[in-house]
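Asks: fold the following for me, if possible:
(chains A, B, C and D)
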2 protein chains.
Amino acid sequence: MFSKACEYGIRASIFIAEQSLLDRKVSLKDVAEAIESPSAYTSKILQRLSKSNIINSDKGPTGGFSMDKSELEKVKLNSIVYAIDGDTVYNGCGLGLKKCNADKPCPVHNQFKVIRDELKKMLENTTVKTLAMDYEKGLTFLKR
Amino acid sequence: MFSKACEYGIRASIFIAEQSLLDRKVSLKDVAEAIESPSAYTSKILQRLSKSNIINSDKGPTGGFSMDKSELEKVKLNSIVYAIDGDTVYNGCGLGLKKCNADKPCPVHNQFKVIRDELKKMLENTTVKTLAMDYEKGLTFLKR
DNA sequence: TAAATAGTGGACAATTTTATCCAATACAAA
DNA sequence: TTTGTATTGGATAAAATTGTCCACTATTTA
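Replies: This is a model prediction of the structure:
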């Protein structure tokens, strides 16, 4: 569904969000350990999220990654997915055709449209904040 | 969503089904041209579909690929997907966790479950025959 | 201003997926 | 039974994705 990079990106964002709710900045190492991901690779992903203004990153001692508490409910899953995987989830054809649309549809165009619209709606409506709060309560998990 | 191999597999099956409805066997070359795919790679995929008894393959002159007309409505998209991509579509965690389930869910477990169930239902209910018939009527396309 | 800390960026390596090549096999028809 | 045709299977190769390494920059604190 998503690339591994995107999976790491979402998990990392949830962890950073949760820690930010507790007013804590986290280091790359913290993130990699919390979500059990290769840290150097995770670093690249955090860079992209930072450039897309989804997370903040500060250098130097006392630096680290964080999210603005006040903006947290505005961050939806779809912005993370878009920042890392682009728009393939939304626009890509289910059968890999370059030009698949209502005018010249692939054989499963309509069937996929239903699923895709559902997925899109879900990604647009799910905030990182709610996911972070559930995680904070111990209701959900970010590794294993 | 699916691997490229799986996309080719679905497109190939639809083409073979449509030609079988017209009582025609098709060669590897025919398939590759119809769905615009690399023929040697397509060959591997057809082998897998053949071993999973989704398509027939006959060697020698007058050989080629075909599907039994009488069985055509029994072949659903999900058997093709399963034959090529395995059960990752159904069982894989949306965030890539090894052990994600209702007891120990990832943060988007429930949200994804809705989508996944919808997708599963669609794949289980869509027959290759209906897709082949729409394609035959020129309503849908397998390349570009 | 020196030292320590934490993210950045670029090059590189491993792995997985996608794609190719070719000799071998199986089969139908003459 | 020979010949031609079409799939098979194994070895490789190319491309994309995932993952690693390291020197550099920015920043805080002493």
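
Asks: now the stretch of helix or strand A:Ala5 belongs to: buried residues?
Replies: Secondary structure from DSSP states H and E places A:Ala5 in helix A:4-21. Going by neighbour count (16 or more other CB atoms under 10 Å in any protein chain shown), the buried part of helix A:4-21 is A:5-21. The way it works is simple: take the backbone N, C-alpha and C, and place the C-beta from them, glycine included.

Asks: near DNA strand D, from those residues?
Replies: A:Ala5, A:Tyr8 (CB under 7 Å from any atom of the strand).

Asks: so what does the lowest-mean-pLDDT helix or strand in chain A touch, helix or strand wise?
Replies: Using mean pLDDT, DSSP states H and E, the weakest-scoring helix or strand in chain A turns out to be helix A:88-91, at a mean of 87. The contact analysis (3 or more CB pairs under 8 Å, 6 or more residues apart in numbering or on different chains; DSSP states H and E) places helix A:88-91 against helix A:109-125.

Asks: quick check, the helix holding A:Ala5 touching DNA strand C?
Replies: No - judged by CB under 7 Å from any atom of the strand, helix A:4-21 stays clear of DNA strand C, getting no closer than 9.5 Å.

Asks: A:Asp134 contacts B:Val108, correct?
Replies: No - in this structure, A:Asp134 is not within contact of B:Val108 by CB atoms under 8 Å, at 9.8 Å.

Asks: compare neighbour counts for the two and give me the winner.
Replies: Legend: neighbour count by other CB atoms under 10 Å in any protein chain shown for A:Asp134 and B:Val108, higher for B:Val108 (23 against 17).

Asks: wait, the more buried one touches B:Gly96, no?
Replies: No - checked against CB under 8 Å, the pair B:Val108 and B:Gly96 is beyond contact range at 11.1 Å.

Asks: ok, A:Ser13 - contacts?
Replies: A:Leu49, A:Ile54, A:Ile55, A:Met67, A:Val75, A:Ile80, A:Val128 (CB atoms under 8 Å, 6 or more residues apart in numbering or on different chains).

Asks: can I get the residues you listed in CSV with secondary structure, pLDDT and distance to DNA strand D?
Replies: Converted to CSV, these look like this (DSSP: H, G, I helix; E, B strand; the rest coil; pLDDT from 0 to 100; distance: CB to the nearest atom of the strand, whole Å):
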residue, secondary structure, pLDDT, distance to DNA strand D
A:Leu49, helix, 98, 15
A:Ile54, coil, 98, 18
A:Ile55, coil, 98, 16
A:Met67, coil, 98, 18
A:Val75, coil, 98, 22
A:Ile80, helix, 98, 14
A:Val128, helix, 98, 21
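
Asks: confidence score at the spatially most central residue of chain A?
Replies: Centre of chain A computed as the mean C-alpha position; nearest residue by CA atoms, centre = their mean is A:Ile10, 3.1 Å away. In this model, A:Ile10 is scored at 98, pLDDT.

Asks: could you list every residue that touches it?
Replies: A:Phe2, A:Leu77, A:Ile80, A:Val81, B:Leu95, B:Pro107, B:Val108.

Asks: which of those residues come close to DNA strand C?
Replies: Answer for the contacts of A:Ile10 near DNA strand C: none qualify (CB under 7 Å from any atom of the strand).
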